[in-house]
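Asks: sequence plus predicted model, see below.
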Amino acid sequence: MRFIFIVPFLLSLVPAFAQQSWPEDLIIAPEKSNYVKTSTHAEVMDFIKAIQSKSENAFVFTMGVSKEGKEIPVVVLSNTKIKTPAEAKASGKPVVYIQGNIHAGEVEGKEVVMLLMREILLGDKKHLLDNQIILFAPIYNTDSNDKMEKGRRPSQEDSPLEVGLRENSQGLDLNRDGMKMEAIETQALFASVLLPWDPQVFVDLHTTNGTWHAYSLTWAPGYQSSGHPATYNFVNNKMLPEITSTVKSKYDLNFGPFGDYYLREGWPPKNFYTYNHHPRYLVNQFGLRNRLSILSEAFAHERFYQRIHSTYRFVSEILEYTNTHASDIITVNKTAEAETIAEMKAGAGSLKKGVRFKMAPLKKLDNFITYDYIQKQKADGTTENVRTGKVAQYKDVTYHARFEPTLEATVPSGYIIPARFSKLADNLRLHGIKVETLTKSTTLKGEVFQIEKFEKAKQAFQGHAMAQADGKFVSATKKFSKGDFKVEIAQPLANLIFYLLEPQSDDGLLTWNFLDEYLETLKVENKPVEYPVFKYMNKTN
Ligand SMILES: [Zn+2]
């Protein structure tokens, strides 16, 4: 009798202890180095070559080539091998795009994507391809990955020992480039992935920069600003809370919403602030494009292997969720897109949307966990905050993660860009926006914006002295010529068009100096200058 009872018990333990063995070429650099090293670009390419040779379900393409000539690989995982966007579309399954290493010092995403390729293609996660197509880009910022040095990210405490640079080799932060699109990588991402493959979900993998909260991983949805709220609501109110409780119950990991607090505001913390709403951040831009998006931020102060663990669990639970909610996801995005177009059609000439925003309180965090601080009395009588090793839980922490418009503008039926400003039309096309060219001269009713004040930031940001225009809209009827560009607002990327072209937008093409030359020549300081992009209204109120 004893024997009979013991055997099933032992058997039930077997799967938990079953050891997976992998060939040498599928073992990643951190695993080989006891987590001292992160993978180089060449090692990532070798891994991809190896996995491609061992699996029927992987197709590899190059997103683009970096300034220094390094290929940016994308691996398509699907359970009947899909090689083209047309095949993906015909399958009816959503495409999920997951990207690592946008900031090449934040490296665990790159490693996790490789681990997941191994598990999904050859291990025990094959079911994740039942209802979706996965696109993995492990090493988006290729050039800077290999410029490894110690001390690059002080908050990461040299774990791994050396990591690459944040900016790309043009000196640009790839996560501030979503609107101006100056980086080779951004243009490649849009041209080779976002526009042809049309991912329904985007996950961008990062590491935090400093705040000693006590969450192993923090997340944020794409912030909407003037966009349709459905994608934000789905990610922020349903998907991420559910995944957060799953990782807590399955792996005892603490995940929570992304943010920072500031010790200068006193202790214990009263406020926790998310990042900005601007669509220059790729995750936010996805929101304006009516698609789901997730920012993942592993906790910088945990060791490299722990950050790999939490990011791995996060991404695999996201993929479990998207696999079981594939049709819901398609519906949410499709509805957001259809409602955006309908809203623009109905609202042109009267509907107002935000063009500048400020951060506002969203809710109270009642079980906020953080490393605790105490005050140290110094010899000169002053005090300073020192962090203890104790994790404390605080109530009544206000989470600032809502964005309120501080300035609004009226949605037009569309915009006319005079032919000489073709730079603007080129940028819109890079975003996937439909731009027509007038085939004959046309007279249109609408509004022009009179710029009364044009200011530029004294401090450069991303190589730009960012611009801001203020003034007023006045009704006008204007004649346009053959060759001028027409951008109708009633199209899927309506909210993005509005944010790019509105003269007072806080992240538009004017902000990024696309019109400096013109405006500076006309000297706004002497008399008001007309913003050259015209807003036409098919019906005026
Ligand atoms: Zn980052």
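Replies: Done, it's in.

Asks: contact partners for the spatially closest residue to residue 496 that is not a sequence neighbour?
Replies: Ranked by CB to CB, 6 or more residues apart in numbering and with sequence neighbours excluded, the top spatial neighbour of residue 496 is residue 288, at 4.5 Å. Placement of C-beta: from N, CA and C, glycine included. Applying CB atoms under 8 Å, 6 or more residues apart in numbering to residue 288 gives the contacts 222, 224, 225, 226, 227, 279, 493, 495, 496, 499.

Asks: can we see that at 10 Å?
Replies: 178-179, 222-228, 231, 279, 340, 431, 493-500, 507 (CB atoms under 10 Å, 6 or more residues apart in numbering).

Asks: what do you get for residue 428?
Replies: If you count contacts by CB under 10 Å, 6+ apart, residue 428 has them with 415, 417, 434, 435, 485, 487, 493, 496, 497, 500, 501, 509.

Asks: using the three-state scheme, assign it.
Replies: Of the three states, residue 428 takes helix under DSSP: H, G, I helix; E, B strand; the rest coil.

Asks: now it: how far from the ion?
Replies: 27 Å (CB to the ion, to the nearest Å).

Asks: any idea how far residue 192 lies from residue 364?
Replies: Applying CB to CB, to the nearest Å, the value for residue 192 to residue 364 is 43 Å.

Asks: and those two? Which one has more around it.
Replies: residue 192 (18 against 11; other CB atoms under 10 Å).

Asks: now do the helices in the stretch 401-541 of the chain.
Replies: 422-430, 494-501, 516-522 (DSSP state H, counting those that start in this stretch).

Asks: winner for burial among those?
Replies: Mean neighbour count, computed with mean count of other CB atoms under 10 Å, is highest for helix 494-501 among the helices of the stretch 401-541 of the chain, reaching a mean of 26.

Asks: report the angle between that helix and helix 422-430.
Replies: 150 degrees (axes from the mean of the first three to the mean of the last three CA atoms, to 10 degrees).

Asks: which parts of the stretch 201-350 of the chain sit against the ion?
Replies: Within reach of the ion by CB under 5 Å from the ion, the stretch 201-350 of the chain has these residues: residue 206.

Asks: in the stretch 201-350 of the chain, what residue comes closest to the ion?
Replies: residue 206 (3.4 Å; CB to the ion).

Asks: so which strand or helix has that residue?
Replies: strand 201-207 (DSSP states H and E).

Asks: distance from the chain centre to that strand, please.
Replies: Mean-position distance between strand 201-207 and its chain equals 6 Å (CA atoms, centre = their mean, to the nearest Å).

Asks: 9 is where my numbering starts, stick with that
Replies: All right, first residue 9 from here; so that's strand 209-215.

Asks: tell me the strands beside that strand, with direction?
Replies: Note on strand 209-215: by DSSP bridges, its sheet partners are strand 103-107 (parallel), strand 300-306 (parallel).

Asks: does any bit of the first one sit next to the ion?
Replies: Think strand 103-107. No: Strand 103-107 lies out of reach of the ion by CB under 5 Å from the ion, never closer than 11.2 Å.

Asks: quick one: mean pLDDT for that strand?
Replies: Mean pLDDT, strand 103-107: 98.

Asks: if we can go back for a sec, make CSV from the helices of the stretch 409-549 of the chain and add distance to residue 461 and mean pLDDT to it.
Replies: Shown next, in CSV, are these (distance: least, CB to CB, whole Å; pLDDT from 0 to 100):
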stretch, distance to residue 461, mean pLDDT
helix 430-438, 21, 98
helix 502-509, 19, 98
helix 524-530, 11, 93
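
Asks: could you dump the ones you listed into JSON lines and include distance to residue 416?
Replies: JSON lines is the format used below for these (distance: least, CB to CB, whole Å):
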{"stretch": "helix 430-438", "distance to residue 416": "22"}
{"stretch": "helix 502-509", "distance to residue 416": "11"}
{"stretch": "helix 524-530", "distance to residue 416": "23"}
